[in-house]
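In: Predicted model follows, preceded by the sequence.
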Amino acid sequence: RQRKVRLPTYPGLERYEIIKKLGDGAFSNVYKARDIRTGRKVAIKVVRKHDPDVNESHLHPSMKKKPRATERANILKEVQIMRNVKHGNIAQLIDFTESKEHYYLVLELCEGGELFHRIVRLTYFSEALARHVITQVAQGVRYLHEECGVVHRDIKPENILFDPIAYIPSSPHRRRGYGFDENKEDEGIFVKEVGGGGIGTVKLADFGLSKVIWDSSTWTPCGTVGYTAPEIVRDQRYSKAVDMWALGCVLYTMLCGFPPFYDESIHALTDKVANGQYAFLSPWWDPISDSAKDLITRLLCVDPNERYTIDQFLQHPWVTEKPFLPNNMP
Ligand code: ADP
Ligand code: MG
């Protein structure tokens with residue numbers, strides 16, 4: 001039974017025709033839309049502005065909205081970061097506008113949806129497919145870390161999106177490889193084939209929490225560390241290493257279909273993460289290569305100083321291994 005969904009109209013967004021809802025969060029809705037003038041399809045993230053009349057006392061502190069002025073300053077800072085970020089593996093900000101009630105972020109559309117949904121559908125990825133995906137995410141991360149001085153801080157399957165075109169079969173007997181089959185699109189994934197052996201363009205989205213690490217209001221400019229107290233220097237909250245940990249969690253999840261850390265109790269889960277308590281559980285991890293496990297071990301390393309950097313990640317043998325080319329690849 002099809003449910004008829006009424007799509008909202010937003011003042012200030014007349015230039016776009018909203019087609020459907022793509023996702024939603026606590027304070028934002030994301031829509032697929034069409035630029036009426038150019039015909040270009042885009043994604044529009046609509047962020048509700050703070051409403052002083054809404055009682056938020058029941059919300060977790062992290063969910064509470066800041067006063068409007070602070071909120072606006074933060075949003076504009078994020079937009080400024082996003083405007084300067086231009087990379088093939090990052091969902092590009094196309095435009096930014098606002099109205100009385102909302103902020104609008106017009107983004108490059110990634111039609112393939114979330115990596116999260118792909119994992120749910122496939123149960124897990126072959127090592128070859130996981131490599132193709134994680135390498136692209138890592139290229140985006142490398143660009144952010146090394147060229148922009150930005151830490152993403154919210155890397156997870158829901159924020160890793162796809163651009164569709166080619167087909168990856170989901171049937172178990174072909175899981176160790178991939179190919180094309182246009183007639184069976186509903187069974188698999190559509191991703192764009194990239195130069196010869198690659199499959200699909202993967203894009204990192206959602207800069208909602210990202211931070212420029214040299215932002216002077218929250219962090220110390222790198223050049224003046226000489227005068228900074230140890231407890232501030234040691235503060236790892238915004239360090240690049242948090243993205244590397246997340247990369248390890250994503251890779252783990254792709255390879256076996258469940259996350260490295262899980263517990264129904266938030267306290268127990270926090271303990272497990274804090275102590276780096278995870279395992280390569282049998283039988284799920286039995287067929288997976290030692291090289292993949294070694295890489296995950298170096299990412300899920302509790303001490304951020306020992307954790308792999310993005311360059312070490314990209315040089316690991318599992319990542320540099322030749323891509324697996326199935327016979328039916330054109
Ligand atoms: P939130 O801050 O609410 O997590 P996101 O930016 O992650 O906001 O967007 C929420 C969801 O909307 C994503 O998980 C994804 O499903 C969808 N989405 C976001 N940006 C795009 C995009 N550029 N193309 C396609 N879908 C998107
Ligand atoms: Mg998100």
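Out: Nice, thanks for sending it over. Ligands and ions are numbered 1, 2, ... in the order given.
In: Count the residues that sit near the residue in the stretch 151-300 of the chain positioned nearest to ligand 2.
Out: In the stretch 151-300 of the chain, no residue comes nearer to ligand 2 than Asp206, which is 3.7 Å away by CB to the ion. To be clear about C-beta, it is placed using only N, CA and C from the backbone, and glycine gets the same treatment. Burial of Asp206, expressed as a neighbour count using other CB atoms under 10 Å, amounts to 22.
In: where's Val79, which helix or strand?
Out: Of the helices and strands defined by DSSP states H and E, Val79 is found in helix 68-84.
In: which residues touch the residue nearest to the residue of the stretch 151-300 of the chain closest to ligand 2 when sequence neighbours are not counted?
Out: Among residues not flanking Asp206 along the chain, Asn159 sits closest, at 4.1 Å (CB to CB, 6 or more residues apart in numbering). With contact set as CB atoms under 8 Å, 6 or more residues apart in numbering, Asn159 has these partners: 114, 204-206.
In: Could you list which of these also contact ligand 1?
Out: 114, 205-206 (CB under 6 Å from any ligand atom).
In: which intervals of the stretch 1-150 of the chain have sub-threshold pLDDT?
Out: With pLDDT under 70 as the threshold, the stretch 1-150 of the chain has low-confidence stretches at 1-5, 51-68, 121-122.
In: how about the residues of it near ligand 1?
Out: Within the stretch 1-150 of the chain, the positions lying close to ligand 1 (CB under 6 Å from any ligand atom) are 22-23, 25, 28, 30, 43, 45, 91, 107-110, 114.
In: Please list only the buried members of the residues you listed.
Out: Buried subset of those (neighbour count, 16 or more other CB atoms under 10 Å): 22-23, 28, 30, 43, 45, 91, 107-110, 114.
In: so which of the residues you listed also contact ligand 2?
Out: The subset of those lying close to ligand 2, counting by CB under 5 Å from the ion, is empty.
In: Just the ones of those residues in strands?
Out: Judged by DSSP state E, these include 22-23, 28, 30, 43, 45, 107-108, 114 as members of strands.
In: hmm, which two among the residues you listed are most spread apart?
Out: Spanning the widest gap among those are Ser28 and Glu108, at 16.6 Å by CB to CB.
In: what about stretch 156-167, average pLDDT?
Out: In this model, stretch 156-167 has a mean pLDDT of 76.
In: Break down the protein into its helices, ranges please.
Out: Read by DSSP state H, the chain holds these helices, from start to end of the chain: 68-84, 115-122, 127-142, 230-233, 241-256, 266-274, 290-299, 310-315, 317-320.
In: Over the fifth one, what's the mean pLDDT, rounded is fine.
Out: The average pLDDT within helix 241-256 is 94.
In: and the angle from it to helix 290-299?
Out: With axes from the mean of the first three to the mean of the last three CA atoms, to 10 degrees defining the directions, helix 241-256 sits at 150 degrees from helix 290-299.
In: Helix 241-256 near ligand 2 at all?
Out: No: Helix 241-256 is not in contact with ligand 2 by CB under 5 Å from the ion; minimum separation 12.5 Å.
In: buried residues in that helix?
Out: 241-256.
In: returning to what we had before: name the nearest of the contacts of Asn159 relative to Gln80.
Out: Once CB to CB is applied, the member of the contacts of Asn159 that ends up nearest Gln80 is Asp206, at 16.4 Å.
In: ok, that closest one touching Pro157?
Out: No: counting by CB atoms under 8 Å, Pro157 is not a contact partner of Asp206; they are 11.4 Å apart.
In: The residue of the stretch 151-300 of the chain found nearest ligand 1: what's it in contact with?
Out: At 3.3 Å from ligand 1, Asp206 is the closest residue in the stretch 151-300 of the chain, using CB to the nearest ligand atom. Residues near Asp206 by CB under 8 Å, 6+ apart: 154, 158-159.
In: can you put the residues you listed in TSV and add distance to Gly140?
Out: Shown next, in TSV, are the contacts of Asp206 (distance: CB to CB, whole Å):
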residue	distance to Gly140
Asp154	13
Glu158	15
Asn159	11
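In: so which of these also contact ligand 1?
Out: Those of those which are also neighbours of ligand 1 are 158-159, as judged by CB under 6 Å from any ligand atom.
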